[in-house]
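**Student:** return atomic coordinates for the entry below.
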Amino acid sequence: MVLETSGNPGLPVRVSARILLVDDRDRILLFRYLDQDTDIPGGAWWGTPGGGVDEGESLPHAAARELFEETGLRVEESALGRVVAGGRGAARFGGRDYWFVNHFYYLRVPAFALDDSGWEELERGSIVEHRWWTVRQLAAIAEAVYPPGLPRILPDLIAGRTPAEPVDVGWL
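**Tutor:** All right, here's what the predicted structure looks like:
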């Protein structure tokens, strides 16, 4: 299921598959991104693992591939289930303007130590930290968090209440 790209003001489209990765202690993994050439105030934000879908690649395949590259965790595509949330909008990243169409999967896993040995140049140049956050900690964070609707939907997902249709989690 690929979200519509409606509203695009003529920018290159970047479709992504992202993972709301929660461990058995009810903590979500977020990366702290730093990019001084972005339109996010301060150039820093916290975001989920995941990334761009390659030409001809399915969303679940891209999500599983990105998860392995960014965390070292290997999962079968079928373990991801279906898209639970989405967001789209314009943003500047890496010095280029894009129309992002982001798809979010939810995955519960046992706690594990992140392995960043699969990071590509893009990750090494933009991810400066990673942390596991509780819902309470996430609600109190001072920096930008993407998707902005994450604190709203995460408690239901952790409680096992999956939305019937993907939830719009907003944009920057």
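
**Student:** let me see the ranges of the strands in this structure.
**Tutor:** Using DSSP state E, the strands of the chain run over 13-23, 28-34, 44-47, 50-52, 85-93, 96-109, 127-133, 144-146, 167-168.

**Student:** could the ones you listed go into CSV alongside distance to residue 117 and mean neighbour count?
**Tutor:** Every C-beta, even on glycine, is put in place using the N, C-alpha and C of the backbone. Converted to CSV, those look like this (distance: least, CB to CB, whole Å; neighbours: other CB atoms under 10 Å):
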stretch, distance to residue 117, mean neighbour count
strand 13-23, 18, 21
strand 28-34, 15, 21
strand 44-47, 20, 19
strand 50-52, 16, 20
strand 85-93, 24, 19
strand 96-109, 18, 20
strand 127-133, 13, 15
strand 144-146, 25, 19
strand 167-168, 33, 17
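
**Student:** residue closest to the middle of this protein?
**Tutor:** residue 48 (3.3 Å; CA atoms, centre = their mean).

**Student:** residue contacts, it?
**Tutor:** 18-21, 28-31, 104, 146-147, 150 (CB atoms under 8 Å, 6 or more residues apart in numbering).

**Student:** show the pLDDT at the closest residue to it other than its chain neighbours.
**Tutor:** Spatial nearest neighbour of residue 48, chain neighbours left out: residue 18 (4.7 Å); criterion: CB to CB, 6 or more residues apart in numbering. pLDDT recorded at residue 18 is 97.

**Student:** what do you get for residue 123?
**Tutor:** What the model reports as pLDDT for residue 123 is 86.

**Student:** ditto for residue 91
**Tutor:** At residue 91, pLDDT is 85.
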